[in-house]
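Student: Only the shape, not the letters, is given here:
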Ligand SMILES: [Zn+2]
Ligand SMILES: [Zn+2]
């Protein structure tokens, strides 16, 4: 069965707290596993979350601040120790190559040859990966930072009532899907377009340390699931601007402008506790009416089912 969900491994910015580990997020998408920003302690959080080194097919680092990458050595050494035998691609800002090399080879260990670096530069980079495409775009932060997005290609879904109405049944359905049209016994033509509707692909975006910028909006455009940093509340907006971070209000503005379906807030400053979570939601609510999750460690957040989407569209 296909699984499309976010496994939250850590939710704290800068330093871990008693309740929040450094960042770490595994997006499980059918057979792919995108490990975003493994901060310190990610290997152990994976154990707590019930995910294994074998589940990882990509390591995607947004930038080389420690809370986003200090877990890279542990995760790679675990991949080696557990003898993962599929390729694990690693995307990271090319400008941080020196940091990547240090993290990749941080200590002595029996190395693996499955790690395949994909340094990122420029305005947009895309990689096909199994059933989806992974896209990277630049964000705006004191060090170079890239956000990521996963997209499933769009397709078409068959409309049973239209098929029945035209007498298309059994193996004829498959033939219609393959050929795009059918000639019926009475000589009439039935087309795929009139018996099906566009089915948008599902998508998820991961926007970490950044100010408001074009890249954040482009990454979040129309996604089903947006995981986004909201380090501060608005009363610390001067700090947010100074250090290149978003407030919860700004995260909500992005989600609203981009038509996001499910919003996951994370990367919280250590000054906040879980008791402050409703304040983050209140700020988001000033602009965004969709579903909001304030992430906690070890939470699992499903990518919203496409069926929900069809219902929403149908009732509009
Ligand atoms: Zn950070
Ligand atoms: Zn940072």
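Tutor: Alright, I've got the coordinates. Treat the numbers as computed from the prediction; the structure is a model and nothing was measured. Ligands and ions are numbered 1, 2, ... in the order given.

Student: Assign the nearest residue to residue 199 once chain neighbours are set aside to helix, strand or coil.
Tutor: Computed as Cβ to Cβ, 6 or more residues apart in numbering, the closest residue to residue 199 that is not its neighbour in sequence is residue 157, at 4.2 Å. For glycine as for every other residue, the C-beta is placed from the backbone atoms N, C-alpha and C. At residue 157, secondary structure determined by DSSP: H, G, I helix; E, B strand; the rest coil is strand.

Student: from what I can see residue 157 touches residue 195, true?
Tutor: No. Contact status for residue 157 versus residue 195: not in contact, 10.2 Å apart, counting by Cβ atoms under 8 Å.

Student: which of those two has more neighbours?
Tutor: residue 195 (23 against 12; other Cβ atoms under 10 Å).

Student: any idea how far that one lies from residue 201?
Tutor: Taking Cβ to Cβ, to the nearest Å as the measure, residue 195 falls 20 Å from residue 201.

Student: okay, now the residue in the stretch 101-250 of the chain that ligand 1 sits nearest to: neighbour count?
Tutor: Across the stretch 101-250 of the chain, the shortest distance to ligand 1 (Cβ to the ion) belongs to residue 209, at 4.5 Å. For residue 209, the neighbour count with other Cβ under 10 Å is 26.

Student: Nearest spatial neighbour of it, chain-adjacent residues omitted?
Tutor: Across the structure, with Cβ to Cβ, 6+ apart as the measure, the residue nearest residue 209 apart from its sequence neighbours is residue 141 (4.5 Å).

Student: so what pLDDT did that neighbour get?
Tutor: Predicted confidence (pLDDT) for residue 141: 98.

Student: Residue 306 too?
Tutor: pLDDT, residue 306: 73.

Student: where's it relative to residue 154, distance?
Tutor: Distance from residue 306 to residue 154, counting by Cβ to Cβ: 11 Å.

Student: where does the stretch 1-150 of the chain dip in pLDDT?
Tutor: In the predicted model, the stretch 1-150 of the chain carries pLDDT under 70 at residues 1.

Student: Could you show which parts of this structure are in contact with ligand 1?
Tutor: Residues of the chain found near ligand 1 (Cβ under 5 Å from the ion) are 13, 67, 209.

Student: Among those, find me the one that's closest to ligand 2.
Tutor: residue 209 (3.6 Å).

Student: Let me know whether the helix or strand harbouring residue 91 sits next to ligand 2.
Tutor: Counting by DSSP states H and E, the element that carries residue 91 is strand 88-93. No. For a cut-off given as Cβ under 5 Å from the ion, strand 88-93 has no contacts with ligand 2; the smallest distance is 11.5 Å.

Student: Would you mind listing the buried residues in that strand?
Tutor: For strand 88-93, the neighbour count (16 or more other Cβ atoms under 10 Å) marks 88-93 as buried.

Student: near ligand 2, which residues of the stretch 1-150 of the chain show up?
Tutor: Looking at ligand 2, the residues of the stretch 1-150 of the chain close enough under Cβ under 5 Å from the ion are residue 65.

Student: how about the strands in the stretch 1-150 of the chain?
Tutor: Taking DSSP state E, counting those that start in this stretch as the criterion, the stretch 1-150 of the chain carries its strands at 4-10, 24-29, 32-36, 58-60, 88-93, 115-120, 125-129, 132-138, 146-151.

Student: Could you tell me which strands sit next to the fifth one in the sheet, and their orientation?
Tutor: What it means is strand 88-93. strand 58-60 (parallel), strand 115-120 (parallel) (DSSP bridges).

Student: so which of those gets nearest residue 276?
Tutor: Each of these has some distance to residue 276 by Cβ to Cβ; the shortest is strand 58-60, at 28.3 Å.

Student: which other residues reach that closest one?
Tutor: In this structure, residues lying in contact with strand 58-60 by Cβ atoms under 8 Å, 6 or more residues apart in numbering are 32-38, 72, 75-76, 88-92, 115, 129, 134, 136, 148, 206.

Student: where do the helices sit along the stretch 201-316 of the chain?
Tutor: Residue ranges of the helices in the stretch 201-316 of the chain, as given by DSSP state H, counting those that start in this stretch, are 214-220, 237-243, 248-258, 277-285, 306-315.

Student: will you turn those helices into a markdown table that also has mean neighbour count and distance to ligand 2?
Tutor: Listed next are the helices of the stretch 201-316 of the chain as a markdown table, based on neighbours: other Cβ atoms under 10 Å; distance: least, Cβ to the ion, whole Å:
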| stretch | mean neighbour count | distance to ligand 2 |
| --- | --- | --- |
| helix 214-220 | 21 | 14 |
| helix 237-243 | 15 | 8 |
| helix 248-258 | 23 | 15 |
| helix 277-285 | 18 | 19 |
| helix 306-315 | 11 | 33 |
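
Student: give me the number of residues near the closest residue to ligand 2 within the stretch 1-150 of the chain?
Tutor: Residue of the stretch 1-150 of the chain nearest ligand 2, by Cβ to the ion: residue 65 (3.5 Å). By the other Cβ under 10 Å criterion, the neighbourhood of residue 65 contains 22 residues.
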